[in-house]
Each structure stands twice: as structure tokens, then as C-alpha cells.
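Trainee: Pasting the sequence and the predicted model now:
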Amino acid sequence: MDFIKEHFFNKSFFVFLVIGGINTIGGTVYSYLYSLFLQANIAFSVGYVTALVIAYFLNSRFVFQTKPQIQKFIKFAVSYIPNFVIQNLLVLILYNGLKWNRLVVYALAAAIGMPITFLLLKLYAFKGKR
């Protein structure tokens, strides 16, 4: 319980969630727009990368108060790999397999994994920064 309090009941996590919410909407919109002319999974991937770049700059500035650096961006991107895999599987299963609405699937996929991603960012990508 102390671990949860230490990592998730603080201003950094709250700001991360706000940025994540903004980025979820952005990533969902980007993916949807890209899906108008690309296959669904490719559109999701391109939308994800677009949102990831924006998220890096927002998180660097507002969550971890650090200047953008290429090394930190690489660690940031690596920290998002588990989340990306889970999200892409959801798109494959829910959209391709079960034929759910693609906008709903993109939004649902983007909303999953925030606590895990935050921990990876905090403990790996921005280690030592609060």
C-alpha cells in the first residue's frame, strides 16, 4: 500500500493523467483520421507514434521538469512498448476480430496501461526526476 501511495497519490501522477487524457484524445483522433486512408492497425500505430512524440515533450516539461534529450526520448519510447503491444492486441481483437466501432476501440486501447507506463517513465526514462 505504501508503494501505491508513494507512486500514485502525488502531483506528478495527477499531471501525468491529465497529459495522458489529452494525449489519449489526440492519439484517438490521429488514429481515426489516419484510418480514413490507412488500414486500421497501421493507422493506430501511426497515431500512437504521433501522440508519443507530443507526450514526450509534455511529460518532460510538466511532469518530470526536465529538458528534452534524445537519450531520454529513446528511454521514453521504450517505456511505452508494453503499453503499445497491449493496445495493438486490443485493436486486433476488438476491431479486426469482433468488429467493434474503431473509434471506441482506439479510445479504450489508449486508456489502458497508464499506471504501468507511469512507473516505467518514473523509474526508467526519467529516473531521479520528480
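Mentor: Thanks, I have it. Numbering: from 1, shown residues only.
Trainee: can we go C-alpha only for contacts and neighbour counts from here?
Mentor: Will do.
Trainee: now stretch 97-115, how far from the chain's geometric center?
Mentor: Offset of stretch 97-115 from its chain centre (C-alpha atoms, centre = their mean, to the nearest Å): 12 Å.
Trainee: In it, which residues are buried?
Mentor: By neighbour count on 16 or more other C-alpha atoms under 10 Å, the buried set for stretch 97-115 is 102, 103, 105, 106, 107, 108, 109, 110, 111, 112, 114.
Trainee: quick one: low-confidence parts of this protein?
Mentor: For the chain, applying pLDDT under 70 flags the ranges 7, 128-130.
Trainee: And the helix or strand hosting residue 26, what does it pack against?
Mentor: Using DSSP states H and E, residue 26 sits in helix 11-35. Based on contacts counted as 3 or more C-alpha pairs under 8 Å, 6 or more residues apart in numbering; DSSP states H and E, the elements that helix 11-35 packs against are helix 40-58, helix 102-111, helix 114-120.
Trainee: can you rerun that using 6 Å?
Mentor: The helices and strands touching helix 11-35, judged by 3 or more C-alpha pairs under 6 Å, 6 or more residues apart in numbering; DSSP states H and E, are helix 40-58, helix 102-111.
Trainee: could the ones you listed go into CSV alongside distance to residue 19?
Mentor: Shown next, in CSV, are the helices and strands packed on helix 11-35 (distance: least, C-alpha to C-alpha, whole Å):
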stretch, distance to residue 19
helix 40-58, 7
helix 102-111, 12
